[in-house]
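Engineer: The following comprises the amino acid sequence and a computationally predicted model.
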Amino acid sequence: MLIVGLGNPGNDYAATRHNLGFMLIDKLAGEEGIAVKRRECQALVGQGQVEGIVTKLAKPQTFMNLSGHAVSCLLAKGELNAAKQLVVISDDLALPLGKIRIRERGSAGGHNGLKSIIAEVGTDEFIRLRIGIQPDHPISDAKRFVLDQFSGTERSLVEETIARSVQAVRTIIRDGALKAMMEFN
């Protein structure tokens with residue numbers, strides 16, 4: 001199983017809305033004692049057991065718009081089937097903050113990281129877990145918004161959402177996407 005959290009590398013982006021995928025990978029890795037530090041396929045990677053299944057956790061270091069390069073390389077090296085063995089975690093500006101959505105396939109929905117993965121992997125049939133970042137107020141600059149840090153009032157909800165998202169990933173690994181969709185969508 002390959003679990004990929006999307007984000008942008010570097011300390012400037014570490015706590016931004018666009019890095020929820022990295023945050024989830026870090027939380028899951030911490031819970032499982034997996035060090036996500038090895039460089040492979042333009043990503044930081046760690047491997048271990050999650051829910052009794054050998055699982056590779058990855059954080060592409062290519063910046064969001066080129067995430068597909070790392071993902072396609074990791075899939076090829078591991079001889080993995082994207083439709084059955086790939087889970088991609090991303091932020092989603094169309095979902096309200098605190099909501100998560102699991103899908104087995106679908107469009108990129110305007111997300112550049114997902115666009116890159118679909119283009120490089122050659123299919124939109126892979127599991128994705130999207131974590132909502134939509135504000136409760138209109139925004140004028142979406143690019144700037146996703147690269148901003150969460151406000152102090154948002155942080156506790158974000159921590160709860162990441163914890164719930166980790167449980168959703170565990171359910172996907174253990175019981176499959178359909179069960180996770182019924183439980184968490």
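Structural biologist: Sure thing, it's come through.
Engineer: Residue 90 should be in a helix, yeah?
Structural biologist: No. Using DSSP: H, G, I helix; E, B strand; the rest coil, the secondary structure at residue 90 is strand, not a helix.
Engineer: what about it, distance to residue 160?
Structural biologist: 18 Å (Cβ to Cβ, to the nearest Å). Heads up, the C-betas are built off the backbone N, CA and C, glycines and all.
Engineer: cool, residue 110 as well?
Structural biologist: Spatial separation of residue 110 from residue 160 under the definition Cβ to Cβ is 26 Å.
Engineer: Next up, phi/psi of residue 105, please.
Structural biologist: Summarising the backbone geometry of residue 105 under the convention degrees, to the nearest 10, its torsions are phi -170, psi 170.
Engineer: what residues are up against it?
Structural biologist: With contact set as Cβ atoms under 8 Å, 6 or more residues apart in numbering, residue 105 has these partners: 83, 124, 125, 126.
Engineer: List buried residues within those.
Structural biologist: 124, 126 (16 or more other Cβ atoms under 10 Å).
Engineer: Kindly indicate which of the contacts of residue 105 lies nearest residue 61.
Structural biologist: residue 126 (20.0 Å; Cβ to Cβ).
Engineer: Good, wrapping up.
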